[in-house]
Structure formats: C-alpha cells, structure tokens
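Undergrad: pasting the sequence and the predicted coordinates here, then a few questions.
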Amino acid sequence: MRHLVSMNDLSKNEILTILDQAESFANGEKWSFTDKVFAANLFFEPSTRTKTSFEMAERKLGFEIIPFETSTSSLLKGETLYDTVKTLESIGVDVAVIRHTQDKYYEDLIGNVNLKIVNGGDGCGQHPTQSLLDLFTIKQEFGSFEGLKVAIIGDLQHSRVAKSNKDALTALGAEVIFSGPREWFLGENEESQNYYEIDEVIETADVVMLLRIQHERHVTKSFMTKEQYHLQYGLTVERAKRMKNNSIIMHPAPVNRNVEIADELVECEKSRIFKQMQNGVFTRMAVLRTLIES
Amino acid sequence: MRHLVSMNDLSKNEILTILDQAESFANGEKWSFTDKVFAANLFFEPSTRTKTSFEMAERKLGFEIIPFETSTSSLLKGETLYDTVKTLESIGVDVAVIRHTQDKYYEDLIGNVNLKIVNGGDGCGQHPTQSLLDLFTIKQEFGSFEGLKVAIIGDLQHSRVAKSNKDALTALGAEVIFSGPREWFLGENEESQNYYEIDEVIETADVVMLLRIQHERHVTKSFMTKEQYHLQYGLTVERAKRMKNNSIIMHPAPVNRNVEIADELVECEKSRIFKQMQNGVFTRMAVLRTLIES
Amino acid sequence: MRHLVSMNDLSKNEILTILDQAESFANGEKWSFTDKVFAANLFFEPSTRTKTSFEMAERKLGFEIIPFETSTSSLLKGETLYDTVKTLESIGVDVAVIRHTQDKYYEDLIGNVNLKIVNGGDGCGQHPTQSLLDLFTIKQEFGSFEGLKVAIIGDLQHSRVAKSNKDALTALGAEVIFSGPREWFLGENEESQNYYEIDEVIETADVVMLLRIQHERHVTKSFMTKEQYHLQYGLTVERAKRMKNNSIIMHPAPVNRNVEIADELVECEKSRIFKQMQNGVFTRMAVLRTLIES
C-alpha cells in the first residue's frame, strides 16, 4: 500500500488486515520503525479531532512530526499543492496526512511524489481512516459483520464517511438501512430503496449510526428548528429505550447535543461515541504502520 | 492531587512540598515517568510566556505534547469545552493545561473527566503556577517566609495572581502590604487597610512585587500618562536606591518598561524578573510531576 | 561561532568548513549532542519552506523544539523583541532561529543575550543559511568554485540572498555575472558592470541561478505580463536547450512556474531546485552543530 486516499483502494482482505492490526494496537502491542520516520499533517480545512488523533497515532509509533501551518504556508503565495508536497518530500518527510477542501486533491500527487499520502478527508469525497475506525468499532463489538443490521441516520449526501461506510459494510456482509428526513432520500438510488422511518429502524438495528447535522445547510433551510429535528429524526431518550439488546450507538462527532442525540445519551451504556475516538488512534496507527512497512 | 486549578486547593504543606520539588529540579534533578505521558496545552487566551514555559517543563520531563490550536478547534463549531477535553482524554491525553477567558471554566470538568487538569489562568480568577513560581522565587532568596514583608504594587482588582499570592504569603507567615494609585484601594477590604504610599513601602519591603499595568484599562481611563504613572507609582531609579539591602524586585512580565519599572532596573542586581521565568519551568515541572505520580 | 546573522561574519575558511560538514550529513553522518538542546523558531514573516527546513534539521540533530507562535505572542502586547528573546533564554532555549521583517533586527540582541541566534532572514538584508545551501549545491556539483561562471538572473536589489551569494562566490573564486530586465541594473555598481543579455549568459554559465519575481512589485509596475517576462527574461524550454553541458539550474523557490522558468524545466535533468531544498536541511544541520559546539 503506497497511499491511502480512498476506501475503494482497499480490498475486503486489506480492510480486515488493518482492523486486526488496530486490534493488536488496542491490546497494547508496541511497534516502532528502525529508522526515524518523519510525518507532516497538512490540514487545509480545520479539524482538531482528526488532526490530534493522527498526531497521537504518529507519536505512539515514535514518528517525528514536522509542524505545517496551512494558514501561513507558501500556498498563499500561489504555490500549488504539488510543489508544497514535493518540498516536504525534498526536506525528508516520509508520510503526509492531508485534509483539503477540494475533492480528489490527491490526483495531482499520486504517481508523482514519493512520500506516502494518507487522505484525512477531501471535500465531499473520502475520509478513509474515519470509515476504518467505524468498522473497527463495530468489529470490536460484534466480532464480525455477517448478518448485522446497520442503520445510518442523517444526511448521506453530504457525508463522505457515510458513503464509504455503506459500501464497505455491505461488502463485509452487513445489511445497511437508512433514515432521516424523507426529502433527503428522494433519488433513484440504493439509499432511497432502503429508507425506513426512524421509529422502525431504531427497533431492528444492531448499530445506530448517527450523522452530524450541518445546522447552517439543513435545519435552517428546511425551516425546522433543532428541537423539531430532534423530536422527528433524532435519537431521543424514549427511542433509545426501544433499541435492541446489545445494540450500540455511533456518531462521528462533534455531536450536536439534543439535535442528533439527546444530551444524556452521549455517554450512555450503549454509546460508543468516545470509544470511536479512542479507536481512531489505534486504526490510524495500523494504517501508518501498513504504509511505512510496504 | 488530581488537578491543580486554584491555590485554594493546596494546603500549606502541599505548597511547601511543591517548592521543595522545584528546588530539586532547579538543582538538576532528573526525573521521567516509566510510561509515555501525553500532554496538551489549550490556550484559549494567548500567552506565549506561560505556554512556552509549560512546553519546556513538559519536554524536560520527557512528555509528548499533542499540539492543540484553539483558533481552528471544533469549539468554533459550537462544541463545548467538556466535549473537547473528553475528546483529548479519549485519544489518550493524560494531562491538559488550560487557559481560558471564562472564570472557573474548570467547574464543568472536575469530577467528569479522568485526565489531569492544570489551570493556566481562568478569566480574572486563578493562575496557580504563576503564584507558585513567585513563592518559589521568594523562598529561594530568603529561605523561608516568616517575618518577610512583601509589597504588592499595582492593580490588585484585575490581577488573578496578586490575590492568590496575598493569601498564600499570609498563610506562609509573611506580611503583605499594598501600594499604587489610591483610587484602586477604596473598598472595605484587607488590601485597603494595608495600603501605604509607594515611597513608604519601598523602604521597608523585602520583596517589591510590581503588577503589570493594563494600559488600555487604567492609564488612559485615569487621564494619566505613562510617564506620570511611572513618576508617581512606578519603581524609578531613585526609588530603587532607597530599597533595603538584600531586598528584591519581582514582576510577572511582560514588563512595560519605564511604566511599572525603569528600563535600566529590569536586569539590575536586585531584579529577579528573568529569574522568575527560569523558576517557572522548575515550578511547573514540580506541579506536573506531582499530578502524574498521584 | 556564537551566532550566524550574516554571511559577512564568515571567513572563506569558515564557509568551507560548514560546507564540508553539510557534505558529511548528506552522506549520512549521525551526530547528536550529549545534553538536550532546546531550539525555538521565531518566524515573524511567514516562510513554510525555511521554517520546516530548520525544523527538520533540528529534529535530525535530536533537538527539542519549543513552538513559538508569532501571531499570538506577547510582542502583540508591546513587548520588544529583546524581551521576547530574553524570555526564551530564561526558560532554557539554547538556540533561536529568527526571521523578521526588520533589517538587522539582531543588532539589539547580539552581545546582550546568551542563547545562539541564527538569522532566518531579516527584511531586505541577509539570509545566510539560504546562501550556504546554494554554495553547498554548487560545490556538490562541481567540487570547487574556482573558474566557475555563475549567472544570477532577476531582481538583485530586492534579493537578500543574491547579494550574499555574489560576495561569497566571488571570494571563493567564481565569476558572477547578471541578467534580467535592464532597468533593474542601472546604477554605477558591480552588478551593472557585469550585466549581459539573457541569451548571452545562458550559453556561457555553469550555474543559472534564477531569482523569484515578486509579482506585485515588479511585473505589474513595469506593465509587463507574466508571459512577457517569461519570454524576455525567463528560462524558456528553448533557452534551456542552449545551456552548456553539465551546467545546472537553481532557484530559491517557491517557483512561479512559467514566469522565471518554464513549467516542464522545474524537474528537468539540469534542475537542482528540489535538490537545493534537500541540501538546505544538511546545511542547516551543519550550521546548528557548529553553533552548539562552539
């Protein structure tokens, strides 16, 4: 594996191998490379959560991190992303984690640079390590994906993670169903065909995967208050009571408390929300190790 | 000690134990923890001096530091401080140093998070490591606090450190007196009762502790120029000559040269201003070690 | 060597010693200091390239780096550069790399501070490590400077590096000639006397050293489009074909592609542009080692 830019690059077996490696790291396995490894994290779109998670994974693997401030970079002087990345390669950076607002920003880089690239999110495209940490959290809970019913609730169209998760979960043997405001599921696509009302999915799903609402875009646009969204499509305390035994709640965070999910459920027994963040570090360690060793 | 958020949390004995540990670090004692310790410094209010001092202390103890940029954090997306800190805890951060504009920001955190919190300053409240480094500098100089006369000169009302210092110094056996523009000492409180004219305190104090003037707030408001403040309430070269033998000058910095203190006195023989900064590192090492070991 | 602020501080022998040390680092020599060395990089003018290069050099030497954010520093509260640097010295920083918009900012510091200063660029003045990496790249290529013809093409007046390079190259035995828009070479100085037309220099130079065009200042002012500059004064594909065998192309970067140099030449066989960046790390390691050991 030279780069990880999209879940589509990974076969079912490669995914399972990464999840196994993440499991080993979660169980305390130590690993470090013989040579110093230099990483740089280029976040052109802010994301403390993802960035700090990568920083932690890199430090746990013993990498050295070259700080890169996108706000003062030469990109502001009109330099291309290619020249910036080539510069980092020249000074000795081995792996670059990049988040960028532009879809498929990495197409200019793949094949032209020698350092390894991990996509930390591209526009409305992919965010493969988030998908992998979600998969890892599910596997950790249920042992396998066969026969599981996973409900994804919210705005799939604007969620890079949800699309990847749907594909990967299906490939791994799970059934994926959808819910949320019906007007977000109108097209002639798989999601719309597997759409169910929230009160129906909540009782049958093994995994209730909530997506973050982008206030600005959706709620205001549909003349719906946060309170209305919560009552109609959110995971209320009342709905949580009707969830299956052993089912779990997931959310990529940051959570809008009392919108997607009731405040008191964020850390309830079924919630794996902070567990996902913990697993993110182990999953990213697994991805980085795989890249450096190949 | 699970957290250090306020000087009020510390007994007289705990203070003295921290000062002893700081002394050992100042004398070159090496210490590092068996496991990797991960720290994050969350400065929601800028302060290079305090932040770099903590960074140095953490590095000298061998901690790994996860960078946290408050300007691009998810707090901007409406996330609460609690969720941000809980996220850092989830990814594996052991200790968070937090400076925040809000008084007692830590009340939402204490008891609800498992990582250790060091208060790097809250609003107009506490700044315990600054107090401890001031105490350490005095103890280093005089051996003990018994019978010392400490003069605090300037605006106590807006100084979080001065209030803590007054309480701690009194508890440790020193006498604390006050000076500065009389209109800042009008209330029915201890400070006003122990108020003296600058020319009186300067001759009797063992420690002349100057506070930083906030130009915007005070000097302009009182229609006083910087030059006038210096002449009436500042430590002029002439006043410094009348200070007691063996007495010392302190200031938390950054100094307004020729306002609180004459330019040529900043590094004079009596001045401990840069010594305080040096001691800040040892004091913070002592606090961090105490937290990690308990 | 207590500081490195200007190429003028270095004798011919000191330059050659640094270049030899850079060569050793390029060949894989390992070195680290017995004590922990603490560095801080103060970039008051943004420059990702130089800053990351120093960060890499420092990390390869095993230094600990204390992050310093100029955008939130106490300098904004009116603190002088001297007080800021003295603060860093007090908390234990051993070496400070400083870039500042003010010419000769370092004059207030030299002789007054004990930490070591490396000038990372001052206003329109010096940028000694860039000069040294340019010299190293030439020496690496040709073995020595004697008899080499080096053509510097572009705006010398606004290039701190070009001026230093001219002096150093001449002292080391190379001949330096100049080209670019004639109106930039009108004075009664050495450069104007050694001015030649671009098509002439291109065929005789061993080193074609291009300078970066500051769009705002020059091209617009002279009512010349980028395309016109490229055709008249740039290194076009056609001109590159007429360059001498074994001659090389240099540029300090970031490159304005298709202005100073044709896009397809940036990574051509003759180009040492990315090599220069690679060499920058080794050169800075050599400078830092020399400072720490002396």
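TA: Noted; the coordinates are in hand. Residues are numbered from 1 along each chain as shown, chains lettered A, B, ... in the order given.
Undergrad: where does chain A dip in pLDDT?
TA: Across chain A, the ranges flagged by pLDDT under 70 are A:72-77, A:215-223.
Undergrad: and the helices in chain A?
TA: Under the criterion DSSP state H, chain A contains helices at A:12-26, A:48-60, A:81-91, A:128-142, A:160-171, A:190-193, A:198-204, A:226-233, A:237-241, A:273-293.
Undergrad: for the second one, packing partners?
TA: Which is helix A:48-60. If contacts are counted by 3 or more CB pairs under 8 Å, 6 or more residues apart in numbering or on different chains; DSSP states H and E, helix A:48-60 sits against strand A:38-43, strand A:64-66, strand A:95-100, strand A:116-122, helix A:128-142, helix A:273-293, strand B:38-43, helix B:81-91. C-beta coordinates here come from the backbone N, C-alpha and C atoms, glycine included.
Undergrad: out of the ones you listed, the one nearest residue C:71 is which?
TA: strand B:38-43 (12.3 Å; CB to CB).
Undergrad: circling back: distance to residue A:2 and mean neighbour count added to the helices of chain A, as a markdown table?
TA: Formatted as a markdown table, those follow (distance: least, CB to CB, whole Å; neighbours: other CB atoms under 10 Å in any protein chain shown):
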| stretch | distance to residue A:2 | mean neighbour count |
| --- | --- | --- |
| helix A:12-26 | 13 | 17 |
| helix A:48-60 | 18 | 25 |
| helix A:81-91 | 13 | 22 |
| helix A:128-142 | 14 | 24 |
| helix A:160-171 | 19 | 21 |
| helix A:190-193 | 31 | 14 |
| helix A:198-204 | 39 | 16 |
| helix A:226-233 | 41 | 17 |
| helix A:237-241 | 43 | 14 |
| helix A:273-293 | 7 | 23 |
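Undergrad: thinking again about what came up before, want to throw the helices and strands packed on helix A:48-60 into CSV with distance to residue B:60?
TA: Converted to CSV, the helices and strands packed on helix A:48-60 look like this (distance: least, CB to CB, whole Å):
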stretch, distance to residue B:60
strand A:38-43, 23
strand A:64-66, 19
strand A:95-100, 29
strand A:116-122, 32
helix A:128-142, 33
helix A:273-293, 25
strand B:38-43, 12
helix B:81-91, 22
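Undergrad: need these in TSV (columns: distance to chain C).
TA: Below are the helices and strands packed on helix A:48-60 laid out as TSV (distance: least, CB to the nearest CB, whole Å):
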stretch	distance to chain C
strand A:38-43	7
strand A:64-66	5
strand A:95-100	12
strand A:116-122	17
helix A:128-142	24
helix A:273-293	17
strand B:38-43	8
helix B:81-91	17
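Undergrad: check contacts around the closest residue to residue A:207 other than its chain neighbours.
TA: Distances taken as CB to CB, 6 or more residues apart in numbering or on different chains place residue A:150 nearest to residue A:207, at 4.3 Å, with adjacent residues excluded. Listed by CB atoms under 8 Å, 6 or more residues apart in numbering or on different chains, the contact partners of residue A:150 are A:138, A:165, A:169, A:174-177, A:205-207, A:209.
Undergrad: report the beta-bridge partners for residue A:150.
TA: Beta bridges link residue A:150 to residue A:176, residue A:207, judged by DSSP bridges.
Undergrad: residues near residue A:67, how many?
TA: Residue A:67 has 15 neighbours, counted by other CB atoms under 10 Å in any protein chain shown.
Undergrad: wait, it sits on residue C:55?
TA: Yes - contact criterion CB atoms under 8 Å: residue A:67 and residue C:55 qualify, at 6.5 Å.
Undergrad: contacts only, for the residue lying closest to residue A:131 once chain neighbours are set aside.
TA: Counting by CB to CB, 6+ apart, the nearest residue to residue A:131 once its immediate chain neighbours are dropped is residue A:164, at 4.2 Å. By CB under 8 Å, 6+ apart, the contact set of residue A:164 is A:6-7, A:126-128, A:131.
Undergrad: residue A:266: neighbour count?
TA: With other CB under 10 Å as criterion, residue A:266 counts 20.
Undergrad: what sits against it?
TA: Contact analysis of residue A:266 by CB under 8 Å, 6+ apart lists A:255, A:257, A:273.
Undergrad: excluding covalently adjacent residues, which one is nearest to the last one?
TA: What it means is residue A:273. residue A:251 (5.0 Å).
Undergrad: count residues in the vicinity of that neighbour, would you?
TA: Applying other CB under 10 Å, we find 24 other residues in the vicinity of residue A:251.
Undergrad: which single residue in the stretch 151-294 of chain A comes nearest to chain B?
TA: residue A:277 (3.8 Å; CB to the nearest CB).
Undergrad: contact partners for that residue?
TA: A:49, A:53, A:253, B:87, B:90-91.
Undergrad: and which of the residues you listed is nearest residue C:286?
TA: Using CB to CB, the contacts of residue A:277 come closest to residue C:286 at residue A:53, 36.3 Å.
Undergrad: residues of chain A that sit close to chain B?
TA: A:43, A:46-49, A:52-53, A:55-56, A:59-60, A:67, A:215, A:253-257, A:274-275, A:277-278, A:280-281 (CB under 8 Å from any CB of the partner chain).
Undergrad: and the residue nearest to residue A:131, how close does it get to residue A:110?
TA: Remark: distance between residue A:164 and residue A:110 (CB to CB, to the nearest Å) = 18 Å.
Undergrad: check residue A:117 too.
TA: 7 Å.
Undergrad: same check on residue A:62?
TA: Remark: distance between residue A:62 and residue A:110 (CB to CB) = 27 Å.
Undergrad: try residue A:280
TA: 24 Å.
Undergrad: list the contacts of residue A:137.
TA: Going by CB under 8 Å, 6+ apart, residue A:137 touches A:248, A:250, A:272, A:275-276, A:279.
Undergrad: repeat that for 10 Å
TA: By CB atoms under 10 Å, 6 or more residues apart in numbering or on different chains, the contact set of residue A:137 is A:19, A:22, A:207, A:209, A:248, A:250, A:272-273, A:275-280, A:283.
Undergrad: ok, the residue most central in space within chain A - contacts?
TA: Residue closest to the mean C-alpha point of chain A, counted by CA atoms, centre = their mean, is residue A:130 at 1.9 Å. Listed by CB under 10 Å, 6+ apart, the contact partners of residue A:130 are A:7, A:49-50, A:53, A:120-121, A:159-162, A:164-165, A:252, A:276, A:280, A:283-284.
Undergrad: go ahead and confirm residue A:42 touches residue A:99.
TA: Yes - using CB atoms under 10 Å, residue A:42 makes contact with residue A:99 at a distance of 7.3 Å.
Undergrad: residues that sit against both of these two, list them.
TA: Common neighbours of residue A:42 and residue A:99 (CB under 10 Å, 6+ apart) are A:51, A:70, A:120.
Undergrad: can you redo these as CSV with distance to residue B:14?
TA: Output for the shared contacts of residue A:42 and residue A:99, formatted as CSV (distance: CB to CB, whole Å):
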residue, distance to residue B:14
A:51, 36
A:70, 43
A:120, 43
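Undergrad: count the neighbours of the closest residue to chain B within the stretch 1-150 of chain A for me.
TA: Proximity of the stretch 1-150 of chain A to chain B (CB to the nearest CB) peaks at residue A:46, 3.5 Å away. Residues within reach of residue A:46, counting by other CB under 10 Å, total 18.
Undergrad: for residue A:197, grab phi and psi.
TA: Backbone torsions for residue A:197, taken as degrees, to the nearest 10, come to phi -70, psi 150.
Undergrad: any idea how far the residue lying closest to it once chain neighbours are set aside lies from residue A:266?
TA: Nearest non-adjacent residue to residue A:197, counting by CB to CB, 6+ apart: residue A:179, 6.6 Å away. Using CB to CB, we find residue A:179 at a distance of 19 Å from residue A:266.
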